[in-house]
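Novice: Below: sequence and its predicted model.
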Amino acid sequence: MRKLEIKEAEKTQIAVQQEIQKSEESRYNHRLHGILLICKGFTCYEIADILGHSPRTVEYWVKNFEQKGFAGLYDQPRIGRPPVIIDVLQAVEKDIRNDPRKLGYTQTMWDGKLLSHHLLSAYDIKLGVRQCQRLFNKLGFRMRKPRPVIAKADPVMQLAYKKTH
């Protein structure tokens, strides 16, 4: 039988690994394959190379499988640092639904930088600009940018241009 090949194998490998990471069920099946390869006599290093993980990760899979059986291969609940903004989230959402000028700011639209400043001054919560941008997205807001005004532009010529184009 001839050797099978997939075009653009490296890109395909990355795509398959990303697809596996998408769901808990596929990650469980992926770990099952790792255990199956251990049963077939492969080393942790060989399996790690095949499946795209570190040997230590494969060792964790085996350890969990030995201790808990198949249940040990499922994703465990992950605990992490609780969000600092969760207590005031409704108040912040109410704030950003209003015009920033009503809260004493000179800007006419909210952005990450302004929200970061507002959170620090109003709620004593320090979040970075990027985190604030993510917060907008989480709350269902979309990014809008004001159109720039061209300095020293002739409004009559602009209007004529808009009508013809």
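Specialist: Perfect, thanks for sending it. Numbering: from 1, shown residues only.
Novice: Going by C-alpha atoms from here, please, whenever you check contacts or count neighbours.
Specialist: OK.
Novice: For R142, what is the enclosing helix or strand?
Specialist: Taking DSSP states H and E as the definition, R142 sits outside all helices and strands.
Novice: what about it, neighbour count?
Specialist: Neighbourhood size, R142 [other Cα atoms under 10 Å]: 10.
Novice: do you know how far it is from R97?
Specialist: Distance, R142 to R97, using Cα to Cα, to the nearest Å: 12 Å.
Novice: Same check on Y105?
Specialist: Distance, Y105 to R97, by Cα to Cα: 14 Å.
Novice: Residues in contact with stretch 6-25: which ones?
Specialist: S26, R27, H30, G52, Y74, D75 (Cα atoms under 8 Å, 6 or more residues apart in numbering).
Novice: buried ones in it?
Specialist: Across stretch 6-25, burial judged by 16 or more other Cα atoms under 10 Å covers I20.
Novice: got the CA coordinates for it in CSV?
Specialist: The C-alpha coordinates for stretch 6-25 follow below in CSV (Å, rounded to 0.1, in the frame of the first residue of the first chain):
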residue,chain,number,x,y,z
ILE,A,6,-2.1,15.4,2.7
LYS,A,7,-1.4,18.6,0.9
GLU,A,8,-0.1,21.4,3.2
ALA,A,9,0.3,18.9,6.1
GLU,A,10,1.7,21.5,8.5
LYS,A,11,-1.3,23.8,8.0
THR,A,12,-3.7,20.9,8.3
GLN,A,13,-2.0,19.7,11.5
ILE,A,14,-2.5,23.2,13.1
ALA,A,15,-6.1,23.3,11.9
VAL,A,16,-6.9,19.8,13.3
GLN,A,17,-5.3,20.8,16.7
GLN,A,18,-7.4,23.9,16.8
GLU,A,19,-10.5,21.9,16.0
ILE,A,20,-9.7,19.5,18.8
GLN,A,21,-9.4,22.4,21.3
LYS,A,22,-12.9,23.7,20.4
SER,A,23,-15.0,21.2,22.3
GLU,A,24,-14.7,19.3,25.6
GLU,A,25,-15.7,16.0,23.8
